[in-house]
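Student: 3D, please:
(one chain, ligands or ions: 1)
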Amino acid sequence: MKMNSADLPNAQAVFVHDDPEILSAAVALRIAELAAEAIEARGVFHLALAGGETPRRCYEKLRHLAIDWGRVHFYFGDERCLPEGDARRNDSMAREALLDHVTLPQGNIHCIPAELGAIEAAARYARELESAGKLDLVLLGMGEDGHTASLFPDNPANTGVAAAVPVFNAPKPPAERVSLGMGTLNAARRKLFLVAGAGKREALEQILRGVALPAAQVGNAEWHLDRAALPVTNELRGKRKCK
Ligand code: 6PG
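Tutor: Numbering: from 1, shown residues only. Presented below is the predicted three-dimensional model:
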């Protein structure tokens, strides 16, 4: 089901799915489609992965799809400053759900070296991103407070101009993280949000009211929501229409 994109300020398109399973399957197919388009046009697909439970479900489906994996380069939207291999890192989750199940050169996996600490890791990753050029697709989750990647409301990292920025005092542990900068997120050819669960209603309500939460500052994104995430009484429900 596709909604009027005007329903969410700044969105390119909004899709509502019945539940997180259907959402994650639909997004996996969408990623495969965008991968094929990019590979056809430029021979390579630069994809930035998100952390979080909703993206994880999607990766578990994505790994079964027919994609020219050797031409996909994986990046990360954010990383937690924890030792390499720590199960709480986003790259550990991505390996377990997706990367360990597909055949590709290990050089195609561009992890954020967050074990070096936020400042050093962000500086190194910014250089790596600059040499990679524009990202084709950035996958994004949204936290209950409206954060995306590791850009949290009112955190000074949000205004950083570097391609990757150090993040301190994150309200969700661990406090120290690295995130792609807001400019990098916005510069990607495509941005896609996966947002599921009633816990996301309040942040979506605020975005509908025009509050500039970090997720709302990513322009022209494709939003994939599940029904549970829809605000109960507002325009998103009222204006929703089938396609
Ligand atoms: C992180 C994630 C974060 C996540 C959202 C949504 O490192 O914490 O990258 O930005 O994507 O919090 O997560 P859920 O899908 O689990 O709600």
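
Student: Residues of this structure that sit close to the ligand?
Tutor: By C-beta under 6 Å from any ligand atom, the residues of the chain that approach the ligand are 50-54, 78, 80, 90, 141-143, 147-150, 172. (Each C-beta comes from the backbone N, C-alpha and C, glycine too.)

Student: how does it look with 8 Å?
Tutor: Within the chain, the residues that sit near the ligand (C-beta under 8 Å from any ligand atom) are 50-56, 77-80, 90, 140-144, 147-150, 172, 177, 194-197, 199-200.

Student: out of those residues, which are buried?
Tutor: Listed as buried from those are 50-52, 54-56, 77-80, 90, 140-143, 147-150, 177, 194-196, 200; burial here means 16 or more other C-beta atoms under 10 Å.

Student: elements contacting the helix or strand containing Leu225?
Tutor: Assigned by DSSP states H and E, Leu225 belongs to strand 221-226. Helices and strands in packing contact with strand 221-226 are listed as strand 11-17, helix 20-42, strand 190-195; criterion 3 or more C-beta pairs under 8 Å, 6 or more residues apart in numbering; DSSP states H and E.

Student: Pull up the distance across stretch 204-215, start to finish.
Tutor: Stretch 204-215 has an end-to-end distance of 9 Å (C-alpha to C-alpha, to the nearest Å).

Student: now stretch 212-221
Tutor: From its first residue to its last, stretch 212-221 covers 15 Å (C-alpha to C-alpha).

Student: follow-up on the earlier one: for the helices and strands packed on strand 221-226, give me CSV that also has mean pLDDT and distance to Glu60.
Tutor: Conversion of those to CSV gives the following (pLDDT from 0 to 100; distance: least, C-beta to C-beta, whole Å):
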stretch, mean pLDDT, distance to Glu60
strand 11-17, 96, 16
helix 20-42, 98, 8
strand 190-195, 98, 13
